[in-house]
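Trainee: model this:
(one chain, ligands or ions: 1)
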Amino acid sequence: MDIMRGLRESVAGFLMHSSQPKHQPIGIFDSGVGGLSVYQAIRHALPDEDLLYIADSHNAPYGERSSEFIIARAIALTEFLISHGAKAVVVACNTATVIAVDILRQRFSIPIIALEPAIKPAVAHSQSGTVGVLATRRTVESPSVARLCRDYAADARVMLQPCPGFVERVELGDIDSPATLDLVAQHLAPLLQSGADTLVLGCTHYVYLRAAIQQVAGGNVLVLDSSEAVARQVARRICTTLPLGAPPRQARETLFTTALSPHQVSTVMSRLLGKDVRVEFAEI
Ligand code: DGL
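Mentor: Just a heads-up that it's a prediction; the model follows:
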C-alpha cells in the first residue's frame, strides 16, 4: 500500500518537475469588454487553463472603423498576447474576425481561433423560416456572412440587422436601463414585425444584452450566440501545457485594457463577470 502510494507520488513529482513545458495561457482579444462572453465560455470549458484577455477599449467600437485600422489593431493585439506567452489566440470579436482572421493566420504560426455568427443552427431551428442576425455594420456587410447565408440559408429568409449603439451601451456596463431597452426594441422591431422566430447574436458584446433582447422579443423567440461553440473549438485545438498528474490548481486570469482609465474598465468587467477583477493598462 505504502509502496504504491510512494510510487504514485514520485511519478507525479517527476512529471511536475521534469521536462514539462512552462504553462502557457490562452490569449483572447476583443475591441472591448464584449469578448468576455467568449472568455467566460472558455473558462467554463477549460477550468484549469490560464487565460489572458485584452480589451482594446481605447479604440472601441470597431464596427464603423476602416479595414486597415482593424487589421493593424488585430496584429498588434495578437503580438501583445504572444509576447505574454499565449499558446493560442482567440479572436473574440466577430468584426475583427471577418476583416482580419485570414491575415492573422498567414502571419502567426500559433492556432488563431475565431468565431462566426450561428446562422446555420438558427436556420435549422427556425419554424417561421425567418431568422434575424444582429451584428455590427462591418460584420453584416462582410463576404463571410454572405457566404454563411449562401451555404446554410438557401431556403430561409435571413434579415441582417446592424445595431449601432449596442456596443457603446455594453462598454458602459449599461445592459438593462430603460434607454438600453428602448434601443433594443428599436433594432428588433423590423425583425419581429417580419416574423423572425430565431435571433443570432453576431457580436460578442450583444451576449450581455441577451436578457434585454429576450425581454423585448418574448419567450417564443430563440436567441443564439457562438460562445460555447468557440470554446469547444478552443478545447479541440489547444495542447494543454499543464503538467500531467499535477494537483488541481487555481488557474490564472489576467486582464488588460488599452483604455487610459483601467479603473473604469475594471468596474464594468467586474459587473459583467459577476466578480471583482482588476484590469491592467497596456500601451499598444
Ligand atoms: N465584440 C465585437 C464583435 O463581436 C464588437 C465590435 C465593435 O467594437 O464594434 O463584433
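Trainee: Pretty sure Leu260 sits in a strand.
Mentor: No - Leu260: not assigned to a strand; according to DSSP: H, G, I helix; E, B strand; the rest coil it is coil.
Trainee: Contact partners for it?
Mentor: His58, Phe281 (C-beta atoms under 8 Å, 6 or more residues apart in numbering). C-beta: built from backbone N, CA, C; applies to glycine.
Trainee: what residues does the protein put near the ligand?
Mentor: 30-32, 34-35, 60-63, 93-95, 136, 139, 167, 203-205 (C-beta under 6 Å from any ligand atom).
Trainee: Repeat the analysis, applying 5 Å as the threshold.
Mentor: 30-31, 34, 60-63, 93-95, 136, 167, 203-205 (C-beta under 5 Å from any ligand atom).
Trainee: helix/strand/coil for Gly173?
Mentor: Relying on three-state DSSP, one would call Gly173 coil.
Trainee: Got phi/psi on it?
Mentor: With angles defined as degrees, to the nearest 10, Gly173 sits at phi 80, psi 10.
Trainee: ok, it - how many residues close by?
Mentor: By other C-beta atoms under 10 Å, 17 other residues sit near Gly173.
Trainee: Kindly report the same for Ala88.
Mentor: 21.
Trainee: measure it to Glu171 for me?
Mentor: 26 Å (C-beta to C-beta, to the nearest Å).
Trainee: what do you get for Pro47?
Mentor: 28 Å.
Trainee: Look at these two and report which has more neighbours.
Mentor: Glu171 (21 against 11).
Trainee: pretty sure that one is in contact with Pro61, am I right?
Mentor: Yes - with contact defined as C-beta atoms under 8 Å, Glu171 and Pro61 form a contacting pair (7.4 Å).
Trainee: Now the common contact residues for these two.
Mentor: Residues touching both Glu171 and Pro61 by C-beta under 8 Å, 6+ apart: Gly32.
Trainee: Okay, now the unreliable bits of the stretch 1-150 of the chain?
Mentor: Counting by pLDDT under 70, the ranges of the stretch 1-150 of the chain that qualify are 1-22.
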